[in-house]
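1. no sequence for this one, just the structure:
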């Protein structure tokens, strides 16, 4: 397995509130673990939330013992959500903080995915790129009930309004997905700083093009910045059938 992770502040923001984790090696009893979190909140609160969520989920998984990937992610996300919410109640400057989270684990050629919020996981398979996660956002809920058209002016104006996040309440409800993997597939986890800047086809062309995962991750971020870089950008790129591992 080969993986590479990279994050960038972008062209507009003064602080990077995205936080990433990439381990092609075992984490606790899980064979690997990949995470992207995108913070929200006032000064430093979003930065604190995303880092806290990722670091404490990794700690939880390391201590969890045996269990299926879905069960470990479910219990871990619930535990970290409660911890993050309690932190927000203790300090005024952290009040109202939260973050998105998308997680991926590959075991026996099956990809297990969990998400809260609008950070995404894509599967690149053959000649297609497919979003596996479903955004927990106001606009996607409106699309689902036929009240808004995806890509419309209203959609683009409101697409940063999320309806679920870690740390904003005592309970959280992640979504879970399972996908069969085949030789040659790629996995992309990213924050909306990438997915809002690039069309799916542009991401596909970069990921399936020439170069190492490190070079492809850098190209994705470069392309998002070229389109304006209006938000922080996080990329975790995984080749399940690759041989090397790297992280930045």
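-> Perfect, thanks for sending it. If you're wondering where the values come from, they're calculated on a predicted model, not measured in any experiment.

2. pLDDT at residue 117, what is it?
-> Residue-level confidence at residue 117 comes out at 96, pLDDT.

3. list the contacts of the closest residue to it other than its chain neighbours.
-> Distances taken as CB to CB, 6 or more residues apart in numbering put residue 100 closest to residue 117, at 2.7 Å, once the chain neighbours are dropped. (Glycine included, C-beta is placed from N, CA and C.) Contacts here follow CB atoms under 8 Å, 6 or more residues apart in numbering; on that basis residue 100 touches 36-38, 40, 115-119, 162, 165-166, 191-192.

4. next secondary structure after the lowest-mean-pLDDT helix or strand in the chain?
-> In the chain, the helix or strand scored least confidently by mean pLDDT, DSSP states H and E is helix 153-158, which has a mean of 78. Counting by DSSP states H and E, the next helix or strand C-terminal to helix 153-158 is strand 175-180.

5. who touches that following strand?
-> By CB under 8 Å, 6+ apart, the list of residues contacting strand 175-180 reads 70, 73-74, 109-116, 121, 123, 132-134, 136.

6. I'd like to know which of those residues are buried.
-> 70, 73-74, 111-116, 121, 123, 132-133, 136 (16 or more other CB atoms under 10 Å).

7. in the lengthiest helix in the chain, what's buried?
-> The longest helix of the chain (DSSP state H) is helix 69-90. Neighbour counts over helix 69-90 (16+ other CB under 10 Å) mark 69-70, 72-74, 76-78, 80-85, 87-88 as buried.

8. related to what we said a few turns ago, check the offset of the least confident helix or strand of the chain from the chain's centre.
-> Computed by CA atoms, centre = their mean, to the nearest Å, the chain-centroid distance of helix 153-158 equals 22 Å.

9. what segments of this structure are strands?
-> 2-8, 18-23, 33-40, 98-99, 101-107, 110-116, 120-125, 128-131, 175-180, 186-190, 233-239 (DSSP state E).

10. is it possible to export those to CSV including distance to residue 146?
-> As requested, the strands of the chain are arranged in CSV below (distance: least, CB to CB, whole Å):
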stretch, distance to residue 146
strand 2-8, 36
strand 18-23, 32
strand 33-40, 28
strand 98-99, 29
strand 101-107, 27
strand 110-116, 23
strand 120-125, 23
strand 128-131, 20
strand 175-180, 21
strand 186-190, 28
strand 233-239, 32
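
11. on contacts alone, who are the packing partners of the least confident helix or strand of the chain?
-> Secondary-structure packing of helix 153-158 (3 or more CB pairs under 8 Å, 6 or more residues apart in numbering; DSSP states H and E): helix 138-144.

12. got a list of contacts for the helix it packs on?
-> For helix 138-144, contacts defined as CB under 8 Å, 6+ apart pick out 134, 148, 149, 150, 154, 155, 158, 159, 161, 162, 163.

13. can you give me the neighbour number for the closest residue in space to the third one that isn't next to it in sequence?
-> Across the structure, with CB to CB, 6+ apart as the measure, the residue nearest residue 149 apart from its sequence neighbours is residue 155 (6.5 Å). Using other CB atoms under 10 Å as the criterion, residue 155 is surrounded by 17 other residues.

14. ends of stretch 186-203, how far apart?
-> 11 Å (CA to CA, to the nearest Å).

15. picking that back up, which of the buried residues of helix 69-90 sit farthest apart?
-> 69 and 88 (28.0 Å; CB to CB).

16. circling back: which one of the buried ones among the contacts of strand 175-180 sits closest to residue 53?
-> residue 116 (9.3 Å).

17. please name the nearest non-neighbouring residue to residue 165.
-> Counting by CB to CB, 6+ apart, the residue nearest residue 165 is residue 98, at 3.8 Å.
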